[in-house]
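>>> build me a model:
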Amino acid sequence: MNIKSFLQPILLGLIAILLTSCDKDFDELGTDIVGNANDHFDLTRDVSKSVKAYNQPIGTVASNNLPVNPLGSYYNPAFGTTQANFVTQVELATVNPVFNNTDTELYEKLPKLDSVVLDIPYFNRAGTVGTDGVTPYTLDSIYGVNETKFKLHIYESKYYLRDLDPDQALAEQQLFYTDKDAEIDANKNPQILNDTLLSAGTSAENEQFFFDKREHKTTKMGDDGVTPVVTRSVPSMRLHLNRAYFYNLILNAPSGKLSSNSVFKDYFRGLYFKTETAAAEGNMAMLNFKAGKITLFYKEDKKTAVVGSNPLTYTYPRVNKTYVLNLTGNTVSLLNNSFDNSNYLTAMANPTLEAEKLYLKGGSGSMAVIDLFGSTDVKKTITNSLGKLELADGSNGVSDELDEIKVNSWLINEANLTFYIDHEAPGLMQNTKTREPNRVYLYDLTHKKPLIDYTTDFTTNGAYPKYNKYIYGGIFAKEDGTLVNQRKDEKGTYYKIRITNHVRNLLLNDSTNVKLGLVVSENISNIGFLKRKSPGSDAVIQVPTMSVMSPLGTILYGSSPAVIESKRLKLEIYYTKSKQSN
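Numbering: from 1, shown residues only. Predicted coordinates:
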């Protein structure tokens, strides 16, 4: 019998099963991520190894050119209020445009600007189209009380967002920080650009703006001038901007100001989105501003020769045209925090104290620093006469706990850190309007990079990309191990992160036992880092971009002995012993 031919279909079948298992929908992933001790059969479970966790305030942090940005106001009783404004450069979709206000032969010399529309799509999910043709939508990444009305004013920014830092000989990107709002506000043109019906004080486009989940429906006459044509589009921030202002800015721009985007961004330095809410809890949305655009709808004359005329004559019919400005270029997320929770403020004032509670807050908030295996180093490993490792007096730069594991020949099958949420925190878990972060992210704080368990996890979730790398984990889970579905306003119990390969590296490859950082995450795929404005003497010089993007926060139980045993942060290791150690 050909053994090779016999094994091939079996191996192919196993590979197919493995590949299929990586494509599960997120509702089916719970047991893969958070299996309990009963699933580990004859493995030995250890939770005795040292873990210490500390709070660390982040403070002001660089926030330019984020993939998504918050806008609005969000109140979390465990922390306080975060109010988010935004500033962006604007770029010409087509440089050096020609409008017909320069051709003296035209019948109507100047073009007529009909409207100027700003459109920024919301993250959304479409429902089933109704019999009336209307598609119902649910908005994603909206926090606070749905459809809370607030002021939204858009201004011309007079502050130039340069590309490169002159203090670094123009060799590095210019950084702009979350605390820049007051300076941006002081350098704006005071004219409100989204001024439709502003005098009436009832407009949903400015004084009573809200994130509207309804689709847009536009009706216009077709080319035959009789048949109406209906266009439907996804929910978005759709605002009408001041026509006279944009007529002078674009259609009647001074010579050369539209010749290139570099010239244009100095001529028109961008838009400033300023929000203000009177509501206690507010409403905030995560927006991809770079997907937005401003469209100028205008008419101009089209010089058309009359066929067969002699002498040659012309007609000048009015034609509809558009010109687009993109919300691209440099951007800055502007955050104003009013932290008023005394427990939070006390924790931030004691970053060297082993924490009873860990306060994670996105944006310019806070994070946790975690040390594993302790710092005691009074023993070292030596090889005895039988060729086996044993402990001897003397330090070797390695934690004694790691040396003991090596001497005891543990084979690490799985290692996890489980962070339990403080259900008793006032207003946090009890308040149904408060959103928990969908995910937390653990990384190598010392070297500012992801852990190996993150980089070697290639699992994806096409239905919900925020659940990519679900073996590495950090996803919000319920007590029974199933994942939280926040689309259904479910609440969870803990976050579990797998660090199996990280621990193996410490034992097998003598890797440095680095400090770990823990932050909330908005997008698990973004592994960039942003610089803190005032890092001080601590090791936290940079913060993961995925944390700076998020407005959310949570309170987790820490490692202090004061924490109840069942909720205390522990390093959970499942291992078997090498036969050579028996």
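
>>> grab the most central residue of this protein for me.
To find the centre residue of the chain, average its C-alpha atoms and take the closest one (Cα atoms, centre = their mean): that gives Glu522, at 3.5 Å.

>>> and it, its phi and psi?
phi -100, psi -30 (degrees, to the nearest 10).

>>> tell me which residues touch it, please.
Contacts here follow Cβ atoms under 8 Å, 6 or more residues apart in numbering; on that basis Glu522 touches Val68, Met286, Gly362, Met546, Ser547, Met549, Ser550, Leu552. Placement of C-beta: from N, CA and C, glycine included.

>>> distance of Ala84 relative to Ala392?
57 Å (Cβ to Cβ, to the nearest Å).

>>> and the two? which has more neighbours close in?
Ala84 (27 against 11; other Cβ atoms under 10 Å).

>>> per-residue pLDDT, that one?
Model confidence at Ala84, expressed as pLDDT, equals 97.

>>> wait, doesn't it sit right on Asn69?
Yes - taking Cβ atoms under 8 Å as the contact criterion, Ala84 and Asn69 are neighbours in contact, 7.3 Å apart.

>>> separation between Gly72 and Val145?
To Val145, Gly72 is 11 Å away according to Cβ to Cβ.

>>> tell me which of those two has more neighbours.
Counting neighbours by other Cβ under 10 Å for Gly72 and for Val145 shows that Gly72 has the greater number, 29 against 14.

>>> wait, the more buried one touches Asn85, no?
No - using Cβ under 8 Å as the test, Gly72 is too far from Asn85 to be in contact (9.2 Å).

>>> overlap in contacts of those two?
Residues touching both Gly72 and Asn85 comprise Thr275, with contact defined as Cβ under 8 Å, 6+ apart.

>>> a markdown table for the contacts of Glu522, including pLDDT, neighbour count and secondary structure?
Written out in a markdown table, the entries for the contacts of Glu522 read as follows (pLDDT from 0 to 100; neighbours: other Cβ atoms under 10 Å; DSSP: H, G, I helix; E, B strand; the rest coil):
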| residue | pLDDT | neighbour count | secondary structure |
| --- | --- | --- | --- |
| Val68 | 95 | 19 | coil |
| Met286 | 96 | 24 | strand |
| Gly362 | 96 | 28 | coil |
| Met546 | 95 | 25 | helix |
| Ser547 | 96 | 31 | helix |
| Met549 | 95 | 23 | coil |
| Ser550 | 94 | 28 | coil |
| Leu552 | 93 | 27 | coil |
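
>>> what's the burial count for Val117?
A total of 15 residues lie near Val117 under the criterion other Cβ under 10 Å.

>>> what's it in contact with, if anything?
The neighbours of Val117, taking Cβ under 8 Å, 6+ apart as the test, are Arg238, Leu239, His240, Leu241, Ile294, Thr295, Phe297.

>>> just the pLDDT at it, thanks.
According to the per-residue confidence, Val117 scores 96 in pLDDT.

>>> surely it is within a strand?
Yes - with the criterion set as DSSP: H, G, I helix; E, B strand; the rest coil, the secondary structure at Val117 is a strand.

>>> helices of the chain, start to end?
For the chain, helices defined by DSSP state H occupy the ranges 3-21, 30-33, 181-186, 243-246, 261-267, 342-348, 400-407, 452-455, 500-508, 545-548.

>>> and these, which one averages the lowest pLDDT?
Among those, helix 30-33 carries the lowest mean pLDDT, a mean of 33.

>>> for this structure, what helix or strand is lowest in average pLDDT?
The helix or strand of the chain with the lowest confidence, counting by mean pLDDT, DSSP states H and E, is helix 30-33 at a mean of 33.

>>> regarding stretch 154-167, how distant is the last residue from the first?
Using Cα to Cα, to the nearest Å, the end-to-end distance of stretch 154-167 comes to 31 Å.

>>> same deal with stretch 443-452?
Terminal residues of stretch 443-452 are spaced 9 Å apart (Cα to Cα).

>>> ditto for stretch 241-257
Distances were taken as Cα to Cα; on that basis the terminal residues of stretch 241-257 are 21 Å apart.

>>> again with stretch 231-251
In stretch 231-251, first residue to last residue: 27 Å (Cα to Cα).

>>> for the remainder of this discussion, apply numbering that starts at 15.
In the new numbering, first residue 15, that becomes stretch 245-265.

>>> centre of the chain versus that stretch, how much separation?
When distances are taken as Cα atoms, centre = their mean, to the nearest Å, stretch 245-265 is centred 27 Å away from the chain's centroid.

>>> buried ones in that stretch?
By 16 or more other Cβ atoms under 10 Å, the buried positions in stretch 245-265 come out as 249-257, 259-261, 263-265.

>>> return the member of those residues nearest to Leu211.
Distance to Leu211, by Cβ to Cβ, is smallest for His254 among those, at 9.3 Å.

>>> any idea how far the closest one is from Ser129?
With distances taken as Cβ to Cβ, His254 is found 6 Å from Ser129.

>>> likewise for Glu368?
60 Å.

>>> what's the answer for Tyr589, then?
The value you get for Tyr589 to Ser129, if Cβ to Cβ is used, is 68 Å.

>>> of these two, give the one with the bigger neighbour count.
Tyr589 (20 against 13).

>>> contacts only, for that one.
If you count contacts by Cβ under 8 Å, 6+ apart, then Tyr589 has Leu57, Thr58, Asp60, Trp424, Leu425, Ile426, Asn427 around it.

>>> okay, the residue lying closest to the third one once chain neighbours are set aside: pLDDT?
Ranked by Cβ to Cβ, 6 or more residues apart in numbering and with sequence neighbours excluded, the top spatial neighbour of Asp60 is Ile587, at 4.6 Å. At Ile587, the predicted lDDT confidence score is 97.

>>> next, count neighbours for Leu326.
Leu326: 9 surrounding residues under other Cβ under 10 Å.

>>> check Asn90 too.
Using other Cβ under 10 Å, Asn90 has 28 other residues around it.

>>> specify the beta-bridge partners of it.
Legend: beta-bridge partners of Asn90 under DSSP bridges are Gly94.

>>> what stretches of the protein score poorly on pLDDT?
In the prediction, the chain carries residues with pLDDT under 70 at positions 15-56, 115-123, 212-216, 235-239, 440-447, 501-502, 550-552, 593-596.

>>> tell me the contacts of the closest residue to Pro558 other than its chain neighbours?
The shortest distance from Pro558 to any residue that is not its chain neighbour, by Cβ to Cβ, 6+ apart, is 5.4 Å, and that residue is Val533. For Val533, the contacting residues are Leu374, Gly376, Met381, Ala382, Val454, Tyr455, Tyr457, Val557, Pro558, Met560, Ser561, by Cβ under 8 Å, 6+ apart.
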